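Trainee: Sharing a sequence plus its predicted fold:
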Amino acid sequence: MSRSESAARPVPPWRVAVAGLIGTTIEWYDFFVYALAATPVFAPQFFPSTSTVASTLAALSTFAIGFVARPIGGALIGHFGDRVGRKRMLVLSLLVMGVGTALIGVLPTYASIGAAAPVALVLIRVAQGLAVGGEWGGATLLALEHARTRTERTLLSSLPQVGLPLGVVLASLVFLVVRLGAGDAGFVSWAWRIPFLASAALVVVGLLIRLKLAESPEFERVRRQHTVRRAPIADVLRAPRIWVPASGITIGSSTLGNLLLAFMLGYAAKAKLFSASTMLTVTIVAALLWCVALPTAALLAGRVGRQRVLVAGTVGTIVWAYPYFALVESGSGPGLFLGTMVAAACIAVATGPYGAYLSEAFPAEIRYSGASIAYGIGGVLGGAIAPIAATLLVTSTGGLGAVAGYVAAASVVSLIAALTLRSPYPTEEPVESVADETARHG
């Protein structure tokens, strides 16, 4: 089938968005199974040390490396996404992510191959970070650029972001089942590999879905008009008034989100506040709430304004930072539940309209590069640093009060960025077919 014939078939925008959601869910499952295993498995088995804090920091650093690689991946994959198309890069990112996760599942530990084990783990994490760096932008743009109205664009472009909490739910459920089935000793010894190996089956499903997607109508328009940029990354970097605030909008929510997902599980167990199973269960419930609240916030943003909702969610993370960590530290089960649910809701509101607001800050010709780079930088400054900074703050202060201050400060940066950024490049309504457009213009 030729490209024109493929383009002539109208693609329901919802189908594209749901396909993107499924793909990003698989990608974030792959990314967060590592987060769940970082403290209990990778710290002792891949980074052995006489200091528990040192080995934990080393394991969390490899988690951070995945985030650090994201803006680089966003630049590389975004470059080709702006030049050859969104769909091809989405297939590539999913394949790299899935293969990397499966390889971790068969990777020998430090006891078997020595220093080669952590080196190999770091290299795999870099590859995964590169893949995720191009994943979010492509999935978001494909949904955004198939939608037809402003409200539809805001809502549908939020669905790939739901893949993050859904991936967390999937990863947490698999880990919970495996841990309960194998027991703590069996889990640490061998069963931790099962969630990683399961990724291979998920990737096959994701690839079958993505290969059936149509290319973005907006990208097809750019290609037909011969306005594809030779160096889209350079064009993005020449507009700091856009990419700088765009990079800052999610620093606060990314900081709080990754502490909730990657740091609190290990901290609560070590401080003997809650069991690992309790923390996993609460994380799952919070992520489910996140899944519902995020598109709800996007739908609201389509009606009252994207910036207003972004600001409201960011203010929420500032206000709730201290109550959340205080409730966790109280050791109260109901307090843990309440604190985590409200925190998840704040994150969802702060990120619901983000995909559309960020993407339309860049013209279509450089949108994949711009959105991916900005999203990746925000992830580094927020999510990558957060678990490491929190570990150091807890070690030096003995409590979570300083961590709460850190989250509040990061969210203030995001609030300033959200108030600064504008979205001057609205997506055009997609043309239903190339043939129809040709007929109209003769």
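Mentor: Now that the structure is in, tell me what you want to look at. No experiment lies behind these values; they were computed from the predicted model shown.
Trainee: any idea which helix or strand carries the most centrally placed residue in the chain?
Mentor: Of all residues in the chain, the one closest to the mean position by CA atoms, centre = their mean is Leu164, 5.3 Å from it. Per DSSP states H and E: Leu164 is located in helix 159-186.
Trainee: Near Thr281, how many other residues are there?
Mentor: Thr281: 16 surrounding residues under other CB atoms under 10 Å. C-beta here means a position set from N, CA and C on the backbone, and glycine is covered the same way.
Trainee: Next up, the contacts around it.
Mentor: When contacts are counted by CB atoms under 8 Å, 6 or more residues apart in numbering, Thr281 touches Leu176.
Trainee: And for the one 5 residues further on?
Mentor: Listed by CB under 8 Å, 6+ apart, the contact partners of Ala286 are 260, 340-341, 343-344.
Trainee: just checking, what packs against the helix holding Leu164?
Mentor: Here helix 159-186 touches helix 13-37, helix 116-144, helix 193-197, helix 276-304, helix 333-351, helix 354-359, going by 3 or more CB pairs under 8 Å, 6 or more residues apart in numbering; DSSP states H and E.
Trainee: again, 7 Å this time
Mentor: helix 13-37, helix 116-144, helix 193-197, helix 276-304 (3 or more CB pairs under 7 Å, 6 or more residues apart in numbering; DSSP states H and E).
Trainee: now the angle between helix 159-186 and the first one, please.
Mentor: Taking axes from the mean of the first three to the mean of the last three CA atoms, to 10 degrees, one finds helix 13-37 and helix 159-186 inclined to each other by 30 degrees.
Trainee: Just checking, which helix or strand succeeds helix 13-37 along the chain?
Mentor: helix 43-46.
Trainee: quick revisit: and which of the contacts of Ala286 is nearest to Leu180?
Mentor: Thr340 (20.6 Å; CB to CB).
Trainee: if we can go back for a sec, least confident pick among the contacts of Ala286?
Mentor: In terms of pLDDT, Leu260 ranks lowest among the contacts of Ala286, with 89.
Trainee: what residues are up against that residue?
Mentor: The neighbours of Leu260, taking CB atoms under 7 Å, 6 or more residues apart in numbering as the test, are 286, 340, 343.
Trainee: if we go to 8 Å?
Mentor: 283, 286, 340, 343-344, 347.
Trainee: Distance check, it against Ala127.
Mentor: According to CB to CB, to the nearest Å, Leu260 stands 26 Å off from Ala127.
Trainee: returning to what we had before: and the helix holding Leu164, how far out from the chain's middle?
Mentor: 16 Å (CA atoms, centre = their mean, to the nearest Å).
Trainee: Buried residues in it, which are they?
Mentor: 159-176, 178-179, 182 (16 or more other CB atoms under 10 Å).
Trainee: Make sure Arg83 is actually in contact with Arg229.
Mentor: Yes. Look at Arg83 against Arg229 with CB atoms under 8 Å: they come within range, at 7.5 Å.
Trainee: Give the next helix or strand downstream of the host helix or strand of Glu218.
Mentor: Assigned by DSSP H and E, Glu218 belongs to helix 217-224. Next along the chain after helix 217-224, taking DSSP H and E as the criterion, comes helix 232-237.
Trainee: Of the contacts of Ala286, which pair is most distant in space?
Mentor: Leu260 and Met341 (10.6 Å).
Trainee: Measure how the helix holding Leu164 sits relative to helix 276-304, angle-wise.
Mentor: 180 degrees.
Trainee: average pLDDT for helix 159-186?
Mentor: Across helix 159-186, the per-residue pLDDT values average to 87.
Trainee: Use 4 as the first number from now on
Mentor: Sure, I'll start counting at 4 from here, so that last one is helix 162-189.
Trainee: still on that earlier bit, which of the helices and strands packed on helix 162-189 sits closest to Pro366?
Mentor: helix 119-147 (12.2 Å).
Trainee: Over the closest one, what's the mean pLDDT, rounded is fine.
Mentor: Mean predicted confidence for helix 119-147 is 87.
Trainee: just checking, what packs against it?
Mentor: With contacts taken as 3+ CB pairs under 8 Å, 6+ apart, helix 119-147 sits against helix 16-40, helix 46-49, helix 55-86, helix 89-108, helix 153-159, helix 162-189, helix 357-362, helix 370-382.
Trainee: per-residue confidence averaged over the fourth one?
Mentor: Model confidence over helix 89-108, given as mean pLDDT, is 87.
Trainee: What is the subsequent helix or strand relative to it?
Mentor: Criterion used, DSSP H and E; the element after helix 89-108 is helix 113-116.
Trainee: got the buried residues for that following helix?
Mentor: Buried-residue list, helix 113-116, by 16+ other CB under 10 Å: Tyr113.
Trainee: before we move on, which element is the residue nearest to Leu341 when sequence neighbours are not counted in?
Mentor: Once flanking residues are discounted, Leu341 sits nearest to Leu330: 6.2 Å by CB to CB, 6 or more residues apart in numbering. Taking DSSP H and E as the definition, Leu330 sits inside helix 309-332.
Trainee: from the middle of its chain, how far away would that helix be?
Mentor: Centroid displacement of helix 309-332 relative to its chain, using CA atoms, centre = their mean, is 19 Å.
Trainee: Which neighbouring elements make contact with it?
Mentor: Using 3+ CB pairs under 8 Å, 6+ apart: helix 309-332 touches helix 254-261, helix 279-307, helix 336-354, helix 357-362, helix 404-423.
Trainee: do you know which of the ones you listed lies nearest Pro326?
Mentor: So among the helices and strands packed on helix 309-332, helix 336-354 is nearest, using CB to CB, at 6.5 Å.
Trainee: List the contacts of the closest one.
Mentor: 164, 168, 253, 255-256, 259-260, 263, 276-277, 281, 285-286, 288-290, 292-293, 296-297, 299-300, 312-313, 315-317, 319-320, 323, 326-331, 333, 417.
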